[in-house]
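Trainee: Below: sequence and its predicted model.
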Amino acid sequence: MDKVERQTFGKNERLCRTKLIDEIFENGSVFHTSLFKVVWIISSTDLPSRAQVAVSVPKRSFRLAVTR
């Protein structure tokens, strides 16, 4: 059986700071699709990587946690 490679973000690519997450939702730009919403902001802070990501998918769109 073939081994399935996990497609994940590294620790420095995950957005974990509460202050940055709050700033993104307050001042960020928004892009809507039929299933989810993308909110982003261009930041000049000294971050460990060029881009950081936080993902939240509503249970309404994907009922099973495995598919979210």
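Mentor: It's in.

Trainee: Quick one: residues contacting residue 21.
Mentor: When contacts are counted by CB atoms under 8 Å, 6 or more residues apart in numbering, residue 21 touches 15, 54. In short, each C-beta sits where N, CA and C put it, glycine included.

Trainee: So which bits of the helix or strand encompassing it are buried?
Mentor: Using DSSP states H and E, residue 21 sits in helix 18-27. By neighbour count on 16 or more other CB atoms under 10 Å, the buried set for helix 18-27 is 21, 24.

Trainee: Pull up the pairing partners for the helix or strand following it, direction included.
Mentor: Downstream of helix 18-27, the first helix or strand assigned by DSSP H and E is strand 29-32. Next to strand 29-32 in the sheet, as set by DSSP bridges, lie strand 37-40 (antiparallel).

Trainee: quick one: buried residues of the partner strand?
Mentor: Neighbour-count burial for strand 37-40 [16+ other CB under 10 Å]: residue 39.

Trainee: which outside residues touch it?
Mentor: Contacts of strand 37-40 (CB under 8 Å, 6+ apart): 24, 25, 28, 29, 30, 31, 32.

Trainee: Show me the beta-bridge partners of residue 38.
Mentor: With DSSP bridges as the rule, residue 38 is bridged to residue 31.

Trainee: For the residue sitting nearest the centre point of the chain, which residues are in contact?
Mentor: By CA atoms, centre = their mean, the chain has its centre lying nearest to residue 54, at 2.3 Å. The contact partners of residue 54, taken as CB under 8 Å, 6+ apart, are 14, 15, 16, 21, 24.
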